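Undergrad: 3D model of this:
(one chain, ligands or ions: 1)
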Amino acid sequence: MPDATFTRLDGLGLEVTGQLLELDRSVLACRVVEPDDWCRRCGCQGVPRDTVSRELAHEPFGWRPTTLVLTVRRYRCKECSHVWR
Ligand SMILES: [Zn+2]
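TA: Numbering: from 1, shown residues only. Prediction:
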């Protein structure tokens, strides 16, 4: 579904995984395309720990207010226990 909104999201490094149209708003489910699984503290590869969802307001999609639900994976480093997302 290539339209302007999705193209713009691509520029943010986000992939739209689902769209939900409600009466008064539309919700786009997104995830981050690039995995970010390297520990910035010691350089080891982290292991996925869990995911968190963040809701972000986005510019209206058509006439509906649009909410982005961004799923972010959290990683934990085995070496130094650093946790990031
Ligand atoms: Zn580390």
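Undergrad: among the helices and strands of the chain, which has the poorest mean pLDDT?
TA: Least confident element among the helices and strands of the chain, by mean pLDDT, DSSP states H and E: helix 4-11 (a mean of 63).
Undergrad: Please export the C-alpha coordinates of the helix or strand that it is followed by as CSV.
TA: Later in the chain than helix 4-11, the nearest helix or strand by DSSP states H and E is strand 14-21. The C-alpha trace of strand 14-21 is given here as CSV (Å, rounded to 0.1, in the frame of the first residue of the first chain):
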residue,chain,number,x,y,z
LEU,A,14,9.5,2.3,10.7
GLU,A,15,7.5,-0.4,9.1
VAL,A,16,3.7,-0.4,9.3
THR,A,17,2.5,-3.8,10.4
GLY,A,18,-1.2,-3.0,10.8
GLN,A,19,-3.8,-0.4,10.5
LEU,A,20,-6.9,-0.1,12.5
LEU,A,21,-9.6,2.3,11.6
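Undergrad: which secondary structure elements does strand 14-21 contact?
TA: Judged by 3 or more Cβ pairs under 8 Å, 6 or more residues apart in numbering; DSSP states H and E, strand 14-21 is in contact with helix 4-11, strand 26-32, strand 64-76. For the C-beta atoms, the positions are set from N, CA and C on the backbone; glycine is no exception.
Undergrad: so which of these is the most packed in?
TA: Mean neighbour counts were compared across these using mean count of other Cβ atoms under 10 Å; the top stretch is strand 26-32, at a mean of 19.
Undergrad: Give the pairing partners of it; include direction for each.
TA: Within its sheet, and counting by DSSP bridges, strand 26-32 is paired with strand 14-21 (antiparallel), strand 64-76 (parallel).
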